[in-house]
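[1] okay, sequence plus prediction incoming.
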Amino acid sequence: MDQYVKTVDLYDKQWKALHKLEAIRLVVYLGLLPYSMIVGLILRPFWSRSFSEGLLAGLLALYLMPLVMAQIRLLRFPCPRCAKRFFTNAWFVVGSFDDDCAYCGLKKFANSENKSVPK
Ligand SMILES: [Zn+2]
């Protein structure tokens, strides 16, 4: 009989999703200045006030779309332990930079209590 027990953290999947969302947010945020500079350099020869302002606003909105989507998903991120919203316990949104669950106090990226499951 196989007595092998696989060690699995039950929260791994949720924490990986959280890592991914935070990475998207960080990359988009840090890339905003280089993106703006590149777009500005590309559009500079074609610059005319009426044409470029609308185009710049559209390109900026397009660039920021992943950030907005990631932020919305972060604010709705369910706690792996209690399944309620991890970052807020209010109807309005405060922020998504907390280090523990707003309901049960689970620390961000904490291991689950039950780590071993039979394979
Ligand atoms: Zn919780």
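    Alright, I've got the coordinates.
[2] the helix or strand harbouring Leu41: how far from the chain's middle?
    Using DSSP states H and E, Leu41 sits in helix 12-43. Helix 12-43 sits 10 Å away from the centroid of its parent chain (CA atoms, centre = their mean, to the nearest Å).
[3] which residues touch stretch 18-37?
    60, 63-64, 66-67, 70-71, 73-74, 77, 86, 108-109 (CB atoms under 8 Å, 6 or more residues apart in numbering). Every residue, glycine included, has its C-beta placed from N, CA and C.
[4] and if we set it to 7 Å?
    With contact meaning CB atoms under 7 Å, 6 or more residues apart in numbering, stretch 18-37 is reached by Tyr63, Leu64, Pro66, Leu67, Ala70, Gln71, Arg73, Leu74, Phe77.
[5] likewise for stretch 65-73?
    Counting by CB under 7 Å, 6+ apart, Leu21, Ile24, Arg25, Val28, Tyr29, Ser96 sit against stretch 65-73.
[6] only the buried subset of these, as a ChimeraX command please.
    To isolate the buried subset of the contacts of stretch 65-73 in ChimeraX, counting by 16 or more other CB atoms under 10 Å, use the following:
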select :21,24,25,28,96
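[7] ok, Ser52 - how many residues close by?
    Close neighbours of Ser52, defined as other CB atoms under 10 Å, add up to 15.
[8] chain neighbours aside, what residue packs nearest to it?
    Excluding the flanking residues, the one nearest Ser52 by CB to CB, 6 or more residues apart in numbering is Leu43, at 5.9 Å.
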